[in-house]
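Asks: Based on what follows, work out the 3D shape:
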Amino acid sequence: MELILMRTACEWSGVPLQQEEEKMRTGQMHKMIQSSGAIGVKHYKSRLARSKSEAWIESLIENHSYRNNSIFGLFISCLYRKSDPDSKHTAAVEILNLLRPIVAVARYITFLAHARHLYPEYLLNTENEKDLHFVQEVRRFYPFFPFIAAKARKDFSWNDYDFEMGQKVLLDIYSTNHDPKFWEEPEKFNPKRFSNWEENPYSFIPQGGGSHEQHHRCAGEWITIGLMKAALKFFF
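Replies: Numbers count the residues shown, from 1 in each chain. Here you go, the predicted model:
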């Protein structure tokens, strides 16, 4: 699935991907995604994969023939300046920030296939709205990560608990998405619950919480949903 999405992301964005390097580049993306929270050897392999991916994109940026009206070409035109040695690296990082999350959706599509196998009754006479509810329930039931880590940027208090600047904090994604205060029978897979969902951005946090504009909610949420709906039609 990662290979399919890697090909798709590169074709859509205009990033040239040679057939003989598809598996290698996809493997580098996999290591960055799979080992993002790892420690030890896996962590260093993930960082090495990132460095190699950045070097690959930087080498493509140097080739002026890719300065076209593709997304890749527009990124280069907006971010890369020969007079600024750091701009090539910045452009490469931003382009990878576009490709890598698309490849990462392979994890959700795998969860989708698993749910499709276990709960086919929810897809009988499927319709577009029911597709969306099924996709949303997969994202609630199978969070992308069990939790995400951060550091407090300043001192603050929340729910009578004091946080100090620099303190390490874990956001429990799994438990939030399975909190019985917000979700009836949270351990049960039931897409129908999204028929009346009030779109609370703090109780449903499959890829981070809050708003897209001000907080850590994933800006690619709509692309994720779109790819999952397309995959669901294929599985159906």
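Asks: Which stretches in the chain count as helices?
Replies: 2-13, 22-34, 41-61, 71-79, 87-118, 128-141, 173-177, 221-235 (DSSP state H).
Asks: So for N196, which of those helices sits nearest?
Replies: Among the helices of the chain, the nearest to N196 by CB to CB is helix 128-141 (10.4 Å). Backbone N, C-alpha and C define where each C-beta goes, glycine included.
Asks: What lies in contact with the closest one?
Replies: Helix 128-141 is contacted by residues 108, 111-112, 115, 122-123, 126, 177-178, 183, 189-195, 197, 204, 206-207, 224-225, 228-229, 232-233 when judged by CB atoms under 8 Å, 6 or more residues apart in numbering.
Asks: ok, now with 7 Å
Replies: For helix 128-141, the external contacting residues (CB atoms under 7 Å, 6 or more residues apart in numbering) are 108, 111-112, 115, 122-123, 177, 189-195, 204, 206, 225, 228-229, 232.
Asks: now stretch 168-178
Replies: So stretch 168-178 is in contact with 140, 143, 145-152, 163, 186-187, 203-206, 209, going by CB under 7 Å, 6+ apart.
Asks: could you redo the last one with a cut-off of 10 Å?
Replies: For stretch 168-178, contacts defined as CB atoms under 10 Å, 6 or more residues apart in numbering pick out 139-152, 163, 179, 182-183, 185-187, 202-209, 216.
Asks: Endpoint to endpoint, that stretch covers what distance?
Replies: 23 Å (CA to CA, to the nearest Å).
Asks: Going by neighbour count, list what's buried in that stretch.
Replies: Buried residues in stretch 168-178, counting neighbours by 16 or more other CB atoms under 10 Å, are found at I173, T176, N177, H178.
Asks: Go through these and name the one nearest A104.
Replies: I173 (14.7 Å).
Asks: what's the distance between that closest one and F147?
Replies: I173 is 5 Å from F147, where distance means CB to CB, to the nearest Å.
Asks: Over to A115?
Replies: 21 Å.
Asks: of these two, who's got more company?
Replies: A115 (22 against 14; other CB atoms under 10 Å).
Asks: That one and P191 touch, don't they?
Replies: Yes - the criterion here is CB atoms under 10 Å, and A115 meets it with P191 at 8.9 Å.
Asks: rewinding a little: quick check: PyMOL command selecting the buried ones in the contacts of stretch 168-178.
Replies: In PyMOL syntax, the buried subset of these is picked out as below (16+ other CB under 10 Å):
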select buried, resi 139+140+141+142+143+144+148+182+183+186+203+204+205+206+207+208+209
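Asks: Give me the neighbour count for N63.
Replies: N63: 10 neighbours (other CB under 10 Å).
Asks: show me what contacts it?
Replies: Each residue near N63 by CB under 10 Å, 6+ apart is listed here: P16, I76.
Asks: And G37, by the same measure?
Replies: H43, S46, F145, P146, F147, I148, A149.
Asks: Just want to check the distance between the residue nearest to F204 when sequence neighbours are not counted and S46.
Replies: Spatial nearest neighbour of F204, chain neighbours left out: R140 (6.1 Å); criterion: CB to CB, 6 or more residues apart in numbering. Distance, R140 to S46, using CB to CB: 27 Å.
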